[in-house]
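Colleague: Need coordinates for the following:
(chains A and B)
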Amino acid sequence: MRLSHHFGTTLRQAPAGTEAISHQLLLRAGYIRQLGQGLFSALPLAKRALTKIENIIREEMDAIGGQEMLMPVVHPAEVWQATGRWYSIGAEMARFKDRKDRDLVLAMTHEEVVADLCKTEIRSYRQLPQLVYHIQTKFRDDPRPRAGLIRVREFTMKDSYSLDADEAGLDQQYRAHYQAYFNIFNRCGVPAIAVGSDVGMMGGSAAHEFMYLTPVGEDTLVLCRHCGYAANRQIARFAKPAAAPEPLQPLQKVATPNCKTIEDLANFLGVPKRKTAKAVFMLAGHEEESGTREEFVFVVIRGDMEVNETKLANALHADWLRPATDDEIRAVGAVPGYGSPVGLKNVTIVVDDAVPASPNLVGGANEEGYHWLNTNTPRDYVPSLVAEIAAAGDGDACVQCGQPLYTARGVEVGNIFKLGTRYSAAIGATYLAADGTEKPIVMGSYGIGSGRLLACVAEEHHDDKGLVMPITVAPYQVHLIALAGADARVADAAEGMYRALRDAGIEVLYDDRAESPGVKFADADLMGMPIRLTVSAKSLRASGVEMKRRDRAEGVIVPASDLIARVRAEIGTLFDEIAAKVVPVPFR
RNA sequence: CGGGGCGUGGCGCAGUUGGUAGCGCGCAUCGUUUGGGACGAUGAGGUCGAAGGUUCAAGUCCUUUCGCCCCGACCA
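Modeller: Alright, predicted model coming up:
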């Protein structure tokens, strides 16, 4: 491609209001342009890179038995109603009506459609296992898109769906994806780690997220250096420090004026926070066919811990949670700041599992200015539910090895879910087993966002001058610069090399513009092709062309007669360097 | 949805107590220049996000509204 007719200009300065490096560089280098909030066009450079990423994904999916197909972006509401997600998903799903006033949705994902297809395509266990996938547009009306391509509303995702007769088959396909995903990210030059994660709106029994660690990431991960424990904060567990056993003491009311927070209370009474019980009031929302149902929830957790809302919502099977208002708290007979489960009736009380194990905690008295000493459950109040609902954070002890955990930020570049039979059962996607019984297909769902992955490539591979694209993802392998000026010999030589490179099947971006050398070098650095070739009067005097890797400071002069062979060798070396990173990863 | 910020040529920005809109880069033409964002000359390009209001007069003041960014809530 000739740069003189290339669609997409470079920008000397990044547009205002861009923070993430990947956002700035992809914009400045002319890869992407923003159309609206969370809506981006991929210009030719980005499109070529995305195609390469998608082809890597195709190769790895095909290698584990995937069959590529294509499902629609617009779905009738019925399939989403059948699984209940029409009701449980809120404004994040874009809905509209067709001319016949029928409800339609823009696809956020395709479990429903796959399950629907299975109704007709899968009849017998003899057809299983299978793996289908597609690379298709998704739309999720995210409340807050951010950081360029890292979090958008419309995006392209590879989503695959495994179909199995039983859990063992699912487990096998799940593990195959686990390794295939590492291969994909390594081939794209994005170092990723797998962490245990929440199943979220997908439902199901287990899930991993593949995270690229970076401060611009929006997920918080809880990690252990010692044993490798890794989990999304949403589900991260930790070893709770055991409370010293002591005999239960009788309840005793004490005056605690102006002690509305655990901090105040602990200071006022001179007790450590872990000897207190904190009351947190939430409303749990349940989206049902008949409408929204809200349930008041009284949460009790030790004062030295915080509630993890994802864990709490999961324990309650709630679709969402919100904090209760003071009026709602009073309505159940509790007092904001002095709330106590003691003596409350007809209220759902959820207790963190550390609370029953911690004797004689200071708790509210449901009376302004008073707390109880020595509250104990179940002696003084009976929980509706005891669950593990505390949030893990920096310094907490690892559940596996007891060493201190730390937190880091990451971008989710892929995820894998064991769905089980939730969708197949709801939609009626069944098969006949060997024993003649009809059983729901056991499904798995696996996603990778290609645009987000491109953003992570840019985030990982850049320097102060611009992008440094890995050979596997780079839009072009070679960036050929002609420093011709008025020198027709240089121009002719460059034209000849451009043709020869193309004829050799090498992807080359050719800067044939009448720009000054500084501009050409700066643009080449910005756009980030892995190999730069410079033809000039100077290089011709050395009877050759300068070849320089984007990731190296120095170039070499290669003889024009050897050009194709030398470029091919360099491309080979670059591919080999990437291939060396593609290694087996133990499942955990 | 809460908090904060920003909307002025393609990009980055200035615009004072209201007085008829400017700078740098980029773009076009011509000439000079060609190994790290060259130089000169000439030129094109703006309903100042939108609507309403105040005023003799609004980029500037008031009201409303839209868009975008950041933090939080939320979330694959």
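
Colleague: Tell me the residues on the stretch 1-150 of chain A that lie near RNA strand B, please.
Modeller: A:9-20, A:23, A:34, A:36-38, A:92, A:108-109, A:140, A:142-147 (C-beta under 7 Å from any atom of the strand). Where C-beta positions appear, they are placed from N, C-alpha and C, glycine not excepted.

Colleague: Show me which of these are buried.
Modeller: Buried members of those, scored by 16 or more other C-beta atoms under 10 Å, are A:Thr10, A:Thr18, A:Ala20, A:His23, A:Gln34, A:Gly38, A:Met108, A:Thr109, A:Arg140, A:Asp142, A:Pro145, A:Ala147.

Colleague: Pick out the lowest-pLDDT one from the residues you listed.
Modeller: The pLDDT minimum for those sits at A:Thr18, where the score is 82.

Colleague: Keep only those of the buried ones among the residues of the stretch 1-150 of chain A next to RNA strand B that are in strands.
Modeller: A:Gln34 (DSSP state E).

Colleague: As a markdown table, the buried ones among the residues of the stretch 1-150 of chain A next to RNA strand B with distance to A:Val442 would be great.
Modeller: Listed next are those as a markdown table, based on distance: C-beta to C-beta, whole Å:
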| residue | distance to A:Val442 |
| --- | --- |
| A:Thr10 | 50 |
| A:Thr18 | 44 |
| A:Ala20 | 39 |
| A:His23 | 40 |
| A:Gln34 | 41 |
| A:Gly38 | 34 |
| A:Met108 | 22 |
| A:Thr109 | 18 |
| A:Arg140 | 26 |
| A:Asp142 | 30 |
| A:Pro145 | 34 |
| A:Ala147 | 36 |
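
Colleague: In helices, which of the buried ones among the residues of the stretch 1-150 of chain A next to RNA strand B appear?
Modeller: Per DSSP state H, helices hold the following members of those: A:His23.

Colleague: Next, give me the two most distant ones among the buried ones among the residues of the stretch 1-150 of chain A next to RNA strand B.
Modeller: The distance between the two most remote of these (C-beta to C-beta) is 35.7 Å, for A:Thr10 and A:Thr109.

Colleague: RNA strand B contacts on the stretch 351-500 of chain A?
Modeller: Residues of the stretch 351-500 of chain A lying near RNA strand B (C-beta under 7 Å from any atom of the strand): A:Val411, A:Glu412, A:Asn415, A:Gly447, A:Gly449, A:Arg452, A:Lys465, A:Leu483, A:Ala484, A:Gly485, A:Ala486.

Colleague: Could you report the neighbour count for the fifth one?
Modeller: Looking back up the chat, that one is A:Gly449. Counted by other C-beta atoms under 10 Å, the residues lying close to A:Gly449 total 25.

Colleague: any idea how far A:Glu294 is from A:Leu321?
Modeller: In this view, A:Glu294 and A:Leu321 are 10 Å apart by C-beta to C-beta, to the nearest Å.

Colleague: the domain parsing of chain A - what is it?
Modeller: Domain segmentation of chain A under automatic domain parsing yields A:21-236+A:407-459, A:252-387, A:476-579.

Colleague: weakest of these in terms of mean pLDDT?
Modeller: Lowest mean pLDDT within those: domain A:252-387, a mean of 78.

Colleague: Okay, and the beta partners of A:Asn232?
Modeller: A:Leu221 (DSSP bridges).

Colleague: quick one: contacts for it?
Modeller: Counting by C-beta atoms under 8 Å, 6 or more residues apart in numbering, A:Asn232 touches A:Val195, A:Gly196, A:Ser197, A:Asp198, A:Glu209, A:Met211, A:Asp219, A:Thr220, A:Leu221, A:Val222.

Colleague: can you tell me which of those residues are in strands?
Modeller: Per DSSP E, the subset of these in strands is A:Val195, A:Gly196, A:Glu209, A:Met211, A:Asp219, A:Thr220, A:Leu221, A:Val222.

Colleague: just these that are near RNA strand B?
Modeller: A:Asp219.

Colleague: Pull out the buried members of the ones in strands among the contacts of A:Asn232.
Modeller: Buried among those (16+ other C-beta under 10 Å): A:Val195, A:Gly196, A:Glu209, A:Met211, A:Asp219, A:Thr220, A:Leu221, A:Val222.

Colleague: Measure how buried the nearest residue in space to the second one that is not next to it in sequence is and give me the count.
Modeller: If the residues on either side of it in the chain are set aside, A:Gly196 comes closest to A:Ala231, at 4.3 Å by C-beta to C-beta, 6 or more residues apart in numbering. Taking other C-beta under 10 Å as the criterion, the count of residues near A:Ala231 is 22.

Colleague: Relative to A:Glu460, how far out is the most centrally placed residue in chain A?
Modeller: Residue closest to the mean C-alpha point of chain A, counted by C-alpha atoms, centre = their mean, is A:Glu412 at 2.1 Å. Note on A:Glu412: its distance to A:Glu460, by C-beta to C-beta, is 15 Å.

Colleague: what secondary structure does A:Ala176 sit in?
Modeller: At A:Ala176, secondary structure determined by DSSP: H, G, I helix; E, B strand; the rest coil is helix.

Colleague: same check, this time on A:His226
Modeller: coil.

Colleague: State the distance from it to A:Lys581.
Modeller: Taking C-beta to C-beta, one finds A:His226 at 25 Å from A:Lys581.

Colleague: Please apply the same query to A:Gly364.
Modeller: On the measure of C-beta to C-beta, A:Gly364 and A:Lys581 end up 55 Å apart.

Colleague: Neighbour count: the two, which is higher?
Modeller: Counted by other C-beta under 10 Å, A:Gly364 and A:Lys581 do not tie: A:Gly364 has more neighbours, with 28 against 14.

Colleague: Beta-bridge partners for the more buried one, please?
Modeller: Here A:Gly364 sits in beta bridges with A:His371, as judged by DSSP bridges.

Colleague: Is the residue nearest to A:Gln249 when sequence neighbours are not counted part of a helix or strand, or is it coil?
Modeller: What sits nearest to A:Gln249 in space, not counting adjacent residues and going by C-beta to C-beta, 6+ apart, is A:Asn374, at 4.0 Å. Here A:Asn374 takes the strand state, with states given by three-state DSSP.

Colleague: surely A:Asn374 meets A:Pro247?
Modeller: No. Counting by C-beta atoms under 8 Å, A:Asn374 sits too far from A:Pro247 to count as a contact (10.1 Å).

Colleague: Quick check: neighbours shared by the two?
Modeller: Overlap of the contact sets of A:Asn374 and A:Pro247 (by C-beta under 8 Å, 6+ apart) consists of A:Pro359.

Colleague: Looking at A:Glu294 and A:Leu321, which is more packed in?
Modeller: Between A:Glu294 and A:Leu321, A:Leu321 has the larger neighbour count (other C-beta under 10 Å), namely 19 against 15.

Colleague: who's in contact with that one?
Modeller: Contacts of A:Leu321 by C-beta under 8 Å, 6+ apart are A:Met282, A:Leu283, A:Ala284, A:Gly285, A:Val297, A:Glu309, A:Leu312, A:Ala313.

Colleague: Doesn't the last one lie inside a helix?
Modeller: Yes. With three-state DSSP as the criterion, A:Ala313 is located in a helix.

Colleague: Which residue comes closest to it once chain neighbours are left out?
Modeller: A:Leu321 (5.3 Å).

Colleague: who does that neighbour bridge with?
Modeller: Applying DSSP bridges, one finds that A:Leu321 bridges with A:Ala284.

Colleague: Quick check: it vs RNA strand B, distance?
Modeller: Noted for A:Leu321: a distance of 6 Å to RNA strand B, by C-beta to the nearest atom of the strand, to the nearest Å.

Colleague: for the stretch 151-300 of chain A, what spans make up the helices?
Modeller: Under the criterion DSSP state H, counting those that start in this stretch, the stretch 151-300 of chain A contains helices at A:167-187, A:262-269.
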